[in-house]
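Undergrad: here is a sequence with its predicted model. Questions after.
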Amino acid sequence: MSEKKSPRQSRKEITIAGTEILPGSRSHIELPVAKLYTHTELSITVKALRGKREGPTLFVSAAIHGDEINGVEIVRRLLEHKALRSLRGTLLAIPIVNVHGFLNNERYLPDGRDLNRSFPGSPKSSLAGRMAYTFFNEVVAKCSHGIDLHTGARHRSNLPQIRADLQDTETRAMAESFGAPVILHSRTRDGSLREVASDENIPILLYEAGEALRFDEVAIRAGVSGIISVMRNIGMLPASRSKRTRRKPMVTDQSYWVRAGVSGVLRALVPLGAFVPKGAVIGIISDPIGDSSGDVEVFANDEGIVIGRTFLPLVYEGDALFHIAKYKGDTDDAFDHISEFREAFEPEAYPYPNESDQDPPIIAS
């Protein structure tokens, strides 16, 4: 396992968009970005919380892809969390990075580019490149640690999971403390936020959970809990008093997509989190007219855990259907781990407002 130099320490002076973040303060900062073509002003909102004592500077970002809204709710709940009263260091929470995409319910920016493939950007490049440059230099580069929140694409949902460079000891410690059931060792992609943060020696986690344009209560609760746990791990919050022992996450460095061999109507036979043996039938693609003689079975190429899957039954040949993380561990242990995780974050019943110290759960249809 490679060793990087220690993460950068928190700065004594932190200024974003000309606003200095003072010890013991809570600031609302608007970071200007390109106007709409109606001449309407537009900005990235940064919520800055700084404790009275020095410590790490953590950014938590959501909606770099404008339709991945689970993270927006995670950030909202995080900012209301009681644990932040004991904050040490600085938290920079950015609920919506890609404001243009968020307004249009779109993954990408109006120029058709992926903001998460446009870093580090340039002040004289495309719209995506300019936003990436502004966000990176005004926020990310001033931090010692980072967590970036994502979901699956439209009609695809992800089991809560962490993707990170596990060869870096600091990043691995953060990943293990988060508490997601699965950690996937993942190389950085060119132009991604994770790549440029790593290049600047900023340990960063990518949390994947849920589906685009949908709220997932379990994923949201797990996300808030995971961020708080990471903040405890890096010294921003006191250690937890809970005596509950967490299972170690299932760690893997390989995953693969099972794709449709033919076009038709998919009947998925396994849920997210299922452990599938090699060669197991995990779906059936049928003719929509009802000719069962043309049914085509979908098989798992290798044993592992279903960490992502499509929820759209209508598929074309070559479509990605199931994302499976290869896992050679004990089958029963994998099943118990996923079950315990869901039980920990599944709301028991719907509490009416003001009858619980938690937000009322979001009920999916």
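TA: Received, thanks.

Undergrad: so who does residue 322 touch?
TA: Contact analysis of residue 322 by C-beta atoms under 8 Å, 6 or more residues apart in numbering lists 257, 258, 268, 270, 282, 283, 298, 300, 306, 308, 309, 310. Yep, even glycine has a C-beta here, placed from its N, CA and C like the rest.

Undergrad: now do the SS call for the fifth one.
TA: It refers to residue 282. Per DSSP: H, G, I helix; E, B strand; the rest coil, the secondary structure class of residue 282 is strand.

Undergrad: is it true that it touches residue 299?
TA: Yes - with contact defined as C-beta atoms under 8 Å, residue 282 reaches residue 299; the gap is 6.9 Å.

Undergrad: more crowded one of the two?
TA: For the pair residue 282 and residue 299, the greater number of neighbours falls to residue 282 (21 against 13), based on other C-beta atoms under 10 Å.

Undergrad: how close does that one sit to residue 271?
TA: Here the distance between residue 282 and residue 271 works out to 10 Å (C-beta to C-beta, to the nearest Å).

Undergrad: same question for residue 239.
TA: In this structure, residue 239 and residue 271 are separated by 35 Å, where distance is defined by C-beta to C-beta.

Undergrad: so which of those two has more stuff around it?
TA: The residue with more neighbours, out of residue 239 and residue 271 and counting by other C-beta under 10 Å, is residue 271; that gives 11 against 8.

Undergrad: run a quick neighbour tally on the closest residue to residue 331 other than its chain neighbours.
TA: The spatial neighbour of residue 331 that comes closest, neighbours along the chain excluded (C-beta to C-beta, 6 or more residues apart in numbering), is residue 275 at 5.2 Å. For residue 275, the count of nearby residues is 23 (other C-beta under 10 Å).

Undergrad: got the contact list for residue 275?
TA: 303, 304, 305, 306, 327, 331, 334, 335.

Undergrad: for the chain, just list every one of the helices.
TA: All helices of the chain, identified by DSSP state H, fall at 70-79, 99-103, 127-138, 169-178, 193-199, 217-233, 331-345.

Undergrad: out of those, which is closest to residue 34?
TA: Comparing these against residue 34 with C-beta to C-beta, the closest turns out to be helix 127-138 (5.7 Å).

Undergrad: could you check how far the residue nearest to residue 331 is from residue 338?
TA: From residue 275 over to residue 338 the distance is 8 Å, taken as C-beta to C-beta.

Undergrad: just residue 184 next, same as before
TA: When C-beta to C-beta is applied, the distance between residue 184 and residue 338 equals 15 Å.

Undergrad: now swap in residue 263 and tell me
TA: For residue 263, the distance to residue 338 (C-beta to C-beta) stands at 31 Å.

Undergrad: looking at these two, which is more packed in?
TA: In terms of neighbours (other C-beta under 10 Å), residue 338 is the more surrounded of residue 263 and residue 338; the figures are 23 against 16.

Undergrad: and the closest residue to the more buried one other than its chain neighbours, how many neighbours?
TA: If the residues on either side of it in the chain are set aside, residue 338 comes closest to residue 273, at 4.0 Å by C-beta to C-beta, 6+ apart. Other residues within reach of residue 273 by the criterion other C-beta under 10 Å amount to 20.

Undergrad: residue 273 against residue 306, yeah?
TA: Yes - Residue 273 sits in contact with residue 306 when judged by C-beta under 8 Å, with a separation of 6.4 Å.

Undergrad: anything in contact with each of those two?
TA: Residues within reach of residue 273 and of residue 306 at once, by C-beta under 8 Å, 6+ apart, are residue 159.

Undergrad: so what's residue 260 up against?
TA: So, once contact is read as C-beta under 8 Å, 6+ apart, residue 260 ends up touching 266, 285, 298, 315, 316, 317, 318, 319, 321.

Undergrad: circling back: including mean pLDDT and distance to residue 55, could the helices of the chain go into CSV?
TA: Listed next are the helices of the chain as CSV, based on pLDDT from 0 to 100; distance: least, C-beta to C-beta, whole Å:
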stretch, mean pLDDT, distance to residue 55
helix 70-79, 98, 17
helix 99-103, 96, 29
helix 127-138, 97, 21
helix 169-178, 97, 15
helix 193-199, 95, 19
helix 217-233, 97, 9
helix 331-345, 84, 27
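
Undergrad: would you turn these into CSV with distance to residue 156?
TA: Formatted as CSV, the entries for these read as follows, by distance: least, C-beta to C-beta, whole Å:
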stretch, distance to residue 156
helix 70-79, 13
helix 99-103, 17
helix 127-138, 23
helix 169-178, 22
helix 193-199, 20
helix 217-233, 13
helix 331-345, 18
